[in-house]
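J.: let's see this in three dimensions:
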Amino acid sequence: MTGEATTPAPDHDESEAMRPVRFGMVGYGFGGRYFHTPLIVAAPECELIGVMTSSADRQALVAREVPGARTYGSLAELVDAGVEAVAVSTPADTHSSVTEEALQLGLAVVCDKPFALNPEAARHTVALADERGLVLSPYQNRRQDSDFRTVRKLVAEGALGTVTRMESRFERWAPERGPGRSGGGTLLDFGSHLMDQALLLLGPAVSVYAEWRIRESGLEDDVFVAVTHAGGARSQLWGSWSQSAPGPRYRVTGTDATYVLGHADTQELLLLAGETPATLGERWGVEPPETHGTLHTGATSVRYATERGRWDLFYPTFARAVRGLNPPPVDAHDAVATATALEAARVSASTGTVVPVPQP
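T.: Just a heads-up that it's a prediction; the model follows:
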């Protein structure tokens with residue numbers, strides 16, 4: 001995995017750097033409404049021109065919730081309106097086709113997870129962006145979760161020693177909400193974030209073993225994936241919409257210490273409550289002290305302060321990438337690695353075997 005953007009290059013014209021990127025939002029369902037639009041609107045580096053949606057109900061929501069934004073019926077109409085980039089938050093099985101149509105029209109693209117339904121589709125989309133020289137970034141906003149930022153800090157500081165195992169969970173009690181068909185099932189929905197974080201922290205996957213439960217909808221839930229990484233570390237990933245007693249968000253063990261965090265990042269809850277980085281300023285993403293995790297050495301246990309969550313960095317970084325000032329917040333090639341590992345997990349859960357992960 002390639003990591004995040006670096007410091008902007010200093011040799012570009014600053015007036016060009018400060019010109020906001022003209023954005024279009026594609027889709028105004030749950031993701032577009034709560035996870036993308038408020039963050040685009042809150043970023044000075046972005047200007048939201050309009051929203052593409054064919055639903056009369058959602059057009060009415062846009063009119064009520066996004067002052068100044070028009071609604072459009074197609075990507076071509078967004079281009080005619082002058083957009084330079086789009087954020088795609090449509091049902092999972094349309095992500096590849098919509099993203100590729102946008103790239104063909106010359107637009108930079110943020111694509112929500114799952115980036116693609118399979119690795120072949122992911123590779124095709126990334127190759128198209130490379131060929132056309134356009135900025136393409138998977139929306140792995142959870143790299144900037146407060147909890148994952150804390151784990152990365154601990155690893156970078158060497159506080160855990162050499163990491164041997166990471167346990168990571170997205171478990172919820174919301175069976176009425178998921179797994180939703182629009183998200184592609186729990187493996188692709190929660191699994192896209194869980195696997196991306198595991199690969200970023202511990203390196204390439206060499207084999208996986210997975211289990212799941214097929215619900216009445218025909219979609220998988222209660223997913224478990226055990227990953228062996230090239231460096232020898234192992235990650236164990238859980239995803240569920242129907243867990244009435246969710247486990248700790250993280251337990252990360254190294255040769256010197258173990259970090260345990262029970263409470264997950266709260267930025268999603270802030271957005272659902274109508275807050276944004278613009279309304280909260282420096283309070284955005286700050287977790288209350290009583291939810292902080294604990295660092296255990298065997299002989300001692302001490303509270304370890306949780307890092308501030310920074311979803312507010314994604315769209316400013318992407319906008320500056322469009323202006324050529326830094327790399328995108330997430331390299332699109334990382335989405336291919338995630339899709340490849342998740343496809344191996346799908347095969348494993350279907351066959352009950354350990355499956356090797358193809359290497360690039």
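J.: isn't residue 248 up against residue 169?
T.: Yes: contact criterion C-beta atoms under 8 Å: residue 248 and residue 169 qualify, at 6.9 Å. Glycine gets a C-beta too; all of them are placed from N, C-alpha and C.
J.: so which strand or helix has residue 343?
T.: With the criterion set as DSSP states H and E, the secondary-structure element containing residue 343 is helix 332-351.
J.: chain center to that helix: distance?
T.: Using C-alpha atoms, centre = their mean, to the nearest Å, the mean C-alpha position of helix 332-351 is found 16 Å from that of the whole chain.
J.: beyond that helix, next helix or strand please.
T.: Toward the C-terminus, helix 332-351 is succeeded by strand 355-356 as the next helix or strand (DSSP H and E).
J.: so what secondary structure elements neighbour that following strand?
T.: Strand 355-356 makes packing contacts with strand 205-214, helix 332-351 when contacts are defined by 3 or more C-beta pairs under 8 Å, 6 or more residues apart in numbering; DSSP states H and E.
J.: give me the outermost residue of the protein relative to its centroid.
T.: Computed with C-alpha atoms, centre = their mean, the residue of the chain farthest from its C-alpha average is residue 299, at 36.2 Å.
J.: going along the chain, name the helices of this protein.
T.: Here the chain has its helices, by DSSP state H, at 14-17, 30-31, 37-42, 56-65, 75-80, 95-104, 119-132, 146-157, 186-202, 267-272, 277-280, 314-322, 332-351.
J.: nearest to residue 259, of these?
T.: Distances from residue 259 to each of the helices of the chain were compared by C-beta to C-beta, and the smallest falls on helix 146-157, at 5.5 Å.
J.: distance from the chain centre to that closest one, please.
T.: Put simply, helix 146-157 sits 17 Å off its chain's centre (C-alpha atoms, centre = their mean).
J.: contacting residues around residue 150?
T.: The contact partners of residue 150, taken as C-beta atoms under 8 Å, 6 or more residues apart in numbering, are 259, 261, 293, 304, 305, 306, 307.
J.: show the buried residues in these.
T.: Applying a neighbour-count criterion of 16 or more other C-beta atoms under 10 Å, the buried members of the contacts of residue 150 are 259, 261, 293, 304, 306, 307.
J.: and the helices and strands packed on strand 355-356 as a markdown table, adding distance to residue 181?
T.: Formatted as a markdown table, the helices and strands packed on strand 355-356 follow (distance: least, C-beta to C-beta, whole Å):
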| stretch | distance to residue 181 |
| --- | --- |
| strand 205-214 | 13 |
| helix 332-351 | 16 |
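J.: ok so, going back, which one of residue 248 and residue 169 is surrounded by more residues?
T.: residue 169 (21 against 16; other C-beta atoms under 10 Å).
J.: need the per-residue pLDDT for the nearest residue to that one once chain neighbours are set aside.
T.: Leaving out its chain neighbours, the residue that sits closest to residue 169 by C-beta to C-beta, 6 or more residues apart in numbering is residue 238, at 4.3 Å. The score at residue 238 is 98. That number is its pLDDT.
J.: how close does residue 238 get to residue 273?
T.: Relative to residue 273, residue 238 is positioned 26 Å away (C-beta to C-beta, to the nearest Å).
J.: out of the two, which sits in the busier spot?
T.: When neighbours are counted by other C-beta under 10 Å, residue 238 and residue 273 differ, and residue 238 comes out ahead with 20 against 9.
J.: wait, that one touches residue 221, no?
T.: No: in this structure residue 238 lies outside contact range of residue 221 using C-beta under 8 Å: 11.0 Å.
J.: spit out the residues that contact those two alike.
T.: Residues touching both residue 238 and residue 221 (C-beta under 8 Å, 6+ apart): there are none.
J.: ok, the residue nearest to residue 307 when sequence neighbours are not counted - contacts?
T.: Here the nearest residue to residue 307 in space, its sequence neighbours aside, is residue 149; by C-beta to C-beta, 6+ apart that works out to 3.9 Å. The neighbourhood of residue 149, defined by C-beta under 8 Å, 6+ apart, consists of 307, 308, 309, 310.
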